[in-house]
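Trainee: give the three-dimensional model of this entry:
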Amino acid sequence: MAGRRSTDIVGLMKDLFTFMAGFEGEVPGASPKDCGNYLDMNLPMAKFVSKRFLDNVLTDIDESRLIYPQ
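Mentor: Presented below is the predicted three-dimensional model:
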């Protein structure tokens, strides 16, 4: 993906974390048959952390937070 900039994915990241923060229902793969770590899945905590990241990082992100050191 040469030529892409960090700003190109901000909208996608916001959509992703909004989806996670509001997710309701059964977590895909949350069974012993599907995942060896199924007991570690915690939907309420995942929603909390997703909303926190969305609110504290992504909502008003600016160019200065999207530049990686050379």
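Trainee: what sits up against stretch 46-54?
Mentor: With CB atoms under 8 Å, 6 or more residues apart in numbering as the test, stretch 46-54 has contacts from 14, 17-18, 20-23. Glycine gets a C-beta too; all of them are placed from N, C-alpha and C.
Trainee: swap in 10 Å and give it another go.
Mentor: With contact meaning CB atoms under 10 Å, 6 or more residues apart in numbering, stretch 46-54 is reached by 13-14, 16-24, 27, 42, 58-59.
Trainee: Tyr38: neighbouring residues, count only.
Mentor: 13 (other CB atoms under 10 Å).
Trainee: next: Phe17.
Mentor: Neighbour count of Phe17, defined by other CB under 10 Å: 20.
Trainee: now it: closest residue in space, sequence neighbours ignored.
Mentor: Of all residues not flanking Phe17 in the chain, Leu54 sits nearest, at 4.2 Å (CB to CB, 6 or more residues apart in numbering).
Trainee: pull the number of nearby residues for the one you found.
Mentor: Leu54, neighbours per other CB under 10 Å, totals 18.
Trainee: from Gly3, how far off is it?
Mentor: Noted for Leu54: a distance of 27 Å to Gly3, by CB to CB, to the nearest Å.
Trainee: low-confidence ranges in this structure?
Mentor: The model of the chain has pLDDT under 70 over residues 1-2.
Trainee: for it, which segments count as strands?
Mentor: For the chain, applying DSSP state E gives no strands.
Trainee: name the nearest residue to Ser31, ignoring sequence neighbours.
Mentor: Among residues not flanking Ser31 along the chain, Tyr38 sits closest, at 5.6 Å (CB to CB, 6+ apart).
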